[in-house]
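> From the sequence below, what's the structure:
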Amino acid sequence: MAEPRKPDAPGQTALRAEALGARLPPLVVAADRIAATVLQGVHGRRRAGQGDAFWQFRPFLPGDAAGRIDWRQSAKSDRLFIRETEWEAAQTVALWSDASRSMEWRFAAGRPSKRERADLLTAALAALVLRGGERVRLIGGAGRSHAGRAGLASLVDSMGLVTKSRALPVPDPGLPRHARAVLIGDFMAPLPEIHAAIAALAAWPVRGHILQVLDPEEETLGEGNRAYAGRVLFEWGAGGQSILVPRVEEARPIYVERLRHHREGIAAIAAAAGWGFMTHHVDQPPQTALLALWQALGPD
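Residues are numbered from 1 along each chain as shown. As a prediction, the model looks like this:
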């Protein structure tokens, strides 16, 4: 197996994400989608109206217009605050990129790792959302929201601070209700754990989409590749778990069937929560997955 190459620096990821996002139109959320996300309102009692009802005060963010500062509220502390409305509170897209060890794997030196592709897609999608005038936050990213074109660089910096020990998102108490979420990772965790993570988000309530990122060699256990023939030692996990397979050829059909069953399980979990699910391979153009996610975040 090839040696992992050095991951892209945050600045390089931001530049590549901007270039990728520039090829697609900005994310536009239709009025009926906005109305649906604020239907229940605060504490589940407020009805959706014109969207100008007060929702909450939130900290001033880079990219916000200075004219939106609520000086009366800001005078009560040493921070600047903006008076946020129902409509604005619905305009948050929460992103999560799997940073666990399994995502570092790559088949060949010229092919991106799953982690690099997931990070690029996360940043590129954030670029589209920010260009559309919406805010982005990372699930598990210290509860900070990012706004404006300048928000992309700060978001990418925050991506490097997310813990690498978790293969699934953890509860985020700061996540706005009725926000939309996009989770990007390999989702190789046990199905009960995936179900618990998605169910917790759906109950918040948050609607979203799962993008499973895999290397094509994972789909077939390296079928047709000499490196995956005969006796092979497979290693995984932060704890250095391993298994020696005497004949990969005999194990391959079982593996392929279990992977298919696992994927069907993820799709069923997503469907039960009202979420979308799709798969992306790292040897495919990232634009393909980015366009699919952009369309998925649009109106139903």
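> so Ala289 sits right up against Leu211, yeah?
Yes - if you go by CB atoms under 8 Å, Ala289 and Leu211 touch, sitting 6.3 Å apart. Glycine gets a C-beta too; all of them are placed from N, C-alpha and C.
> Residues that sit against both of those two, list them.
121, 278, 280 (CB atoms under 8 Å, 6 or more residues apart in numbering).
> now, among those residues, which is nearest to Ala108?
Taking CB to CB as the measure, Ala108 lies nearest His280 of the shared contacts of Ala289 and Leu211, at 17.5 Å.
> what's the distance between Leu201 and Ala126?
Separation of Leu201 from Ala126 (CB to CB, to the nearest Å): 18 Å.
> Between those two, tell me which one has more neighbours.
For Leu201 versus Ala126, neighbours defined as other CB atoms under 10 Å are more numerous around Ala126 (28 against 23).
> who does the helix or strand encompassing the more buried one touch, helix- and strand-wise?
If you go by DSSP states H and E, Ala126 is part of helix 114-131. Under the contact criterion of 3 or more CB pairs under 8 Å, 6 or more residues apart in numbering; DSSP states H and E, helix 114-131 touches helix 10-21, strand 92-97, strand 135-138, helix 151-159, strand 180-185, strand 207-214, helix 286-296.
> if we go to 6 Å?
helix 10-21, strand 92-97, helix 151-159, strand 180-185, strand 207-214, helix 286-296 (3 or more CB pairs under 6 Å, 6 or more residues apart in numbering; DSSP states H and E).
> out of the shared contacts of Ala289 and Leu211, who has the most neighbours?
Busiest of those [other CB under 10 Å] is Leu121, holding 24 neighbours.
> How many neighbouring residues does Pro175 have?
Rather than Pro, residue 175 is Leu. 18.
> All further residue positions should be reported with the first residue as 875.
In the new numbering, first residue 875, that becomes Leu1049.
> Can you tell me the element it falls in?
Judged by DSSP H and E, Leu1049 forms part of no helix or strand.
> I'd like to know how far it sits from Thr966.
Taking CB to CB as the measure, Leu1049 falls 8 Å from Thr966.
> okay, now the domains of the chain?
884-902+966-1090+1137-1170, 904-964 (automatic domain parsing).
> out of these, nearest to Gln1115?
Closest among these, using CB to CB: domain 884-902+966-1090+1137-1170, at 10.7 Å.
> pLDDT of that closest one, averaged?
In this model, domain 884-902+966-1090+1137-1170 has a mean pLDDT of 83.
> Please apply the same query to stretch 1093-1108.
If you average the pLDDT over stretch 1093-1108, you get 81.
> Quick check: end-to-end length of that stretch?
Using CA to CA, to the nearest Å, the end-to-end distance of stretch 1093-1108 comes to 15 Å.
> Output the contacting helices and strands for the biggest helix by length in the chain.
Identified as the longest helix of the chain according to DSSP state H is helix 1122-1146. Contact partners of helix 1122-1146 among helices and strands, from 3+ CB pairs under 6 Å, 6+ apart: helix 1065-1076.
> So what touches the helix it packs on?
1042-1043, 1045, 1139, 1143, 1147 (CB atoms under 6 Å, 6 or more residues apart in numbering).
> how far off strand 966-971 does it point, in degrees?
160 degrees (axes from the mean of the first three to the mean of the last three CA atoms, to 10 degrees).
> Helix 1065-1076 to strand 1054-1059, inter-axis angle?
Between helix 1065-1076 and strand 1054-1059, the angle comes out at 160 degrees (the same axes, to 10 degrees).
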